[in-house]
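Q: Provided below are the primary sequence and the corresponding predicted coordinates.
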Amino acid sequence: MDRDSAADGTVEETAEREAPASDLPDALWIVPVVLVTMIAGLLTQITRGIHSASLGIALLGTAMVAVIATTLAVVLYFAVFRRNLRRSLAVAAALVFVCFTWIYWTTIGAAIAEPIGVAAVGDVATVLIPVAIVWIAARFGERDRFAIVATGLAFAIVLIMAFVVAPKVGRAPSPPVAVVDGAAHPNTVLLILDGYAREDVLVNDYNPGGLSLADALERRGFVVRDDAVTNYSITYASLSSMVAMDYPFDEGMRTEDEVVEMRALLAGVNPFVGGYREAGYTIVKSENGWAGSACGSWIDECYQTGIVRTSLWAVGQLTPFAPIQRSFFGHPFTSVGLQQIRELPDRLDADGSSPRLILAHMTVPHAPAQLDASCKINPQGVGAGLHLVNPGDSDAMVDEARARYVGQIECVDREVLASIDSLLEQDPDLAILVVADHGPDSRGQLGLNHDEWTDDALIERMSVLSAIRVPEWCDQDGPALTTVNTMRKLAACSLGTEFDALPDRSYWAPRENIDNLPVVEISDRIRSISALSGR
């Protein structure tokens, strides 16, 4: 064979080796990438630690992942796979998929290691499974079968996840409260400070040395209830009971109907909002990344506070880089909650054609306590979780957590008072309720069942800040004992109705991600603790 013939043969063999193994159009390989980015967006709806249920966060998270996937595909196309679009897109899709589903590979690895009893086996499995997926994409990414199977699997995952995370919208069954025609309807602000302790709990357990928010509110014309308690021990139940002005969860296991009602109540379809709508109020609310902050159909103006920061956090928590993110960046509960407080005066339109009801649920001073007294990120608080203290933490760790909480309280106090002063300057006749949904958990309460809570743990968690300021023409004598009845007082004042109190009841409710524990009524125990006496 001469040289030319040999060269021709080599060229033919090389062309044959590099020829694509598929007759399908290159564009088909874009489909798995698009579907994989949608998976990451849907995953932001259920990521632990952010409780996101916002369409805006899902869409923005998906867009972020799409940018990453596109950049990765371009790099692979030019630098690795010699401008082979099919293989580049296949590998990019696989890499994005394993990266943004990392929380599930770690779970699978732990499940594999548990019966064996060797933790290292779980670590190896966590790495090997994603590596195998990427290797399969690199090895077979050009072939028709891979494209068809990958697209089918990705579509199936997207479809399943869409059904899993799609919000179940229901209508709250309770009718709106009655409205008195011709009554004066003041602009009204409901300011909920998540996890804010009652004054006596702060003094006895935390020893704050700075400003007292309760005292400062009293100087501004608020009436503070020194023995106020919440009706439920956890946010989702407490907030839904407040806007229902009733008790949506009774004793026993939570039913699906109760959960559907809860979602509707939190979204704004509730008797509290309904009464103000009937009176001609404009309903204003901010979303903050927590599921219960999502705006429903009865919200007239919805603001998505900190959506970029929340989306970045929600996306990052899906990946292997989540521990690094938690170690260097503030949690959205902290940063977005602080931003919401500062933006609160902007929500009031005192000269508007209709009165406004502003629903402001702030995710501070709830853990993680990452802000110091000057509202800067406290290095000791970086990496802290959504529980102030966990069961088994040492006394030194408890003391440190309480000190961080005090620092965050001092920051929140100053910002809240600045916003309230600005609101009152705009409208001196404003009706404002400043209330907490529950207290803090420096005794590790949330890691224990209700029958393991000491009296001190119960006092700390169930005692809440509660302060109300209403116009002079409203004949009210301050907050009621419990949050549900205080909400009924606020509505009665703003809407011109008579205050009709319900019997005060208190419940222990399990955390959101624990489904096998019942709601337990603890009203008798609350009443029997003589220490619930206030300042």
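A: Yep, it's here.
Q: only C-alpha atoms for contact and neighbour calcs from this point on.
A: Noted.
Q: And stretch 502-511, what's buried?
A: 504-510 (16 or more other CA atoms under 10 Å).
Q: and this structure, what are its domains?
A: 19-165, 188-528 (automatic domain parsing).
Q: So for the shortest one, mean pLDDT?
A: By that I understand domain 19-165. Domain 19-165 shows a mean pLDDT of 86.
Q: With stretch 495-502 instead?
A: Taken as a whole, stretch 495-502 has a mean pLDDT of 89.
Q: Mind listing what's buried along that stretch?
A: For stretch 495-502, by 16+ other CA under 10 Å, it's 495-497, 499.
Q: JSON lines for those residues, including distance to Leu202 and secondary structure?
A: JSON lines is the format used below for these (distance: CA to CA, whole Å; DSSP: H, G, I helix; E, B strand; the rest coil):
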{"residue": "Leu495", "distance to Leu202": "34", "secondary structure": "helix"}
{"residue": "Gly496", "distance to Leu202": "35", "secondary structure": "coil"}
{"residue": "Thr497", "distance to Leu202": "35", "secondary structure": "coil"}
{"residue": "Phe499", "distance to Leu202": "30", "secondary structure": "coil"}
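Q: out of those residues, which one sits closest to Ile129?
A: Among those, Leu495 lies closest to Ile129 (CA to CA), at 60.2 Å.
Q: Please flag which of the buried residues of stretch 502-511 sit within strands.
A: For these, membership in strands holds for 507-508, with DSSP state E as the criterion.
Q: List the contacts of the strand or helix carrying Ala214.
A: Ala214 is located in helix 213-219, with elements delineated by DSSP states H and E. Contact with helix 213-219 is made by 199, 223-224, 413, 417, 465, 467, as judged by CA atoms under 8 Å, 6 or more residues apart in numbering.
Q: Among these, which are located in strands?
A: Filtering these for strands - DSSP E - leaves 223-224, 467.
Q: Save the residues you listed as CSV, and put in pLDDT too.
A: Shown next, in CSV, are these (pLDDT from 0 to 100):
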residue, pLDDT
Val223, 95
Val224, 96
Ala467, 97
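Q: most neighbours, which of those?
A: In terms of neighbours by other CA atoms under 10 Å, those top out with Ala467 at 26 neighbours.
Q: what's the burial count for the residue nearest to Glu498 when sequence neighbours are not counted?
A: Distance criterion CA to CA, 6 or more residues apart in numbering; nearest residue to Glu498, sequence neighbours excluded, is Ala492 at 5.6 Å. Counted with other CA under 10 Å, residues neighbouring Ala492 total 22.
Q: Check Asp451 too.
A: 8.
Q: So it belongs to a helix, correct?
A: Yes. Under DSSP: H, G, I helix; E, B strand; the rest coil, Asp451 sits within a helix.
Q: check contacts around it.
A: No contacts exist for Asp451 under CA under 8 Å, 6+ apart.
Q: could I get the buried residues of stretch 495-502 as a markdown table with distance to Phe140?
A: Output for the buried residues of stretch 495-502, formatted as a markdown table (distance: CA to CA, whole Å):
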| residue | distance to Phe140 |
| --- | --- |
| Leu495 | 68 |
| Gly496 | 71 |
| Thr497 | 71 |
| Phe499 | 71 |
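Q: which one of those residues sits closest to Arg402?
A: Closest to Arg402, out of all of those and judged by CA to CA, is Phe499, at 37.7 Å.
Q: wouldn't the closest one be in contact with Val484 here?
A: No. Using CA atoms under 8 Å, Phe499 is not in contact with Val484, being 11.9 Å away.
Q: wouldn't Cys474 be in contact with Cys493 here?
A: Yes. Using CA under 8 Å, Cys474 makes contact with Cys493 at a distance of 5.6 Å.
Q: Tell me which of those two has more neighbours.
A: Neighbour count, other CA under 10 Å: between Cys474 and Cys493, Cys493 has more, with 24 against 17.
Q: secondary structure class for that one?
A: Per three-state DSSP, Cys493 ends up helix.
Q: Quick check: it vs Ile420, distance?
A: Cys493 sits at a distance of 19 Å from Ile420 (criterion: CA to CA, to the nearest Å).
Q: Next, work out how far apart Ile522 and Ala436 are.
A: Taken as CA to CA, the span from Ile522 to Ala436 is 19 Å.
Q: which of these two has more neighbours?
A: Ala436 (30 against 17).
Q: which one is the more buried one nearest to, not counting chain neighbours?
A: Closest to Ala436 by CA to CA, 6+ apart is Leu193, at 4.9 Å.
Q: cool, Tyr405 as well?
A: In space, Tyr405 is closest to Ala369, 5.2 Å off (CA to CA, 6+ apart).
Q: can you list the ones in strands among the contacts of helix 213-219 in JSON lines and add distance to Ala90?
A: Formatted as JSON lines, these follow (distance: CA to CA, whole Å):
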{"residue": "Val223", "distance to Ala90": "64"}
{"residue": "Val224", "distance to Ala90": "62"}
{"residue": "Ala467", "distance to Ala90": "58"}
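Q: if we take the residues you listed, which one ends up nearest to Glu142?
A: Nearest to Glu142 among the ones in strands among the contacts of helix 213-219: Ala467, at 65.9 Å, using CA to CA.
Q: in the stretch 301-450 of the chain, which segments are predicted with low confidence?
A: 350 (pLDDT under 70).
Q: what two of the buried residues of stretch 502-511 are the furthest from one another?
A: Longest span within those, CA to CA: Asp504 and Pro510, 20.0 Å.
Q: What ranges does the stretch 1-150 of the chain have for its strands?
A: In the stretch 1-150 of the chain, no strands are defined using DSSP state E, counting those that start in this stretch.
Q: Surely Val259 is within a strand?
A: No. Val259: not assigned to a strand; according to three-state DSSP it is helix.
Q: Check it and give its pLDDT.
A: At Val259, pLDDT is 84.
Q: Report how many residues lie close to it.
A: So Val259, with other CA under 10 Å, has 17 neighbours.
Q: Then the one 5 residues further on?
A: By the measure other CA under 10 Å, the count of residues near Ala264 is 25.
Q: Check the one 10 residues further on too.
A: Gly274 has 22 neighbouring residues, counting by other CA under 10 Å.
Q: Where does it fall, secondary structure wise?
A: helix 271-278.
Q: right, and the helix or strand after that helix?
A: strand 282-287.
Q: Check which helices and strands that following strand sits against.
A: helix 271-278, strand 301-304, strand 356-362 (3 or more CA pairs under 8 Å, 6 or more residues apart in numbering; DSSP states H and E).
Q: packing partners for the longest one?
A: Contacts defined by 3+ CA pairs under 8 Å, 6+ apart place helix 271-278 against helix 235-244, strand 282-287, helix 483-495.
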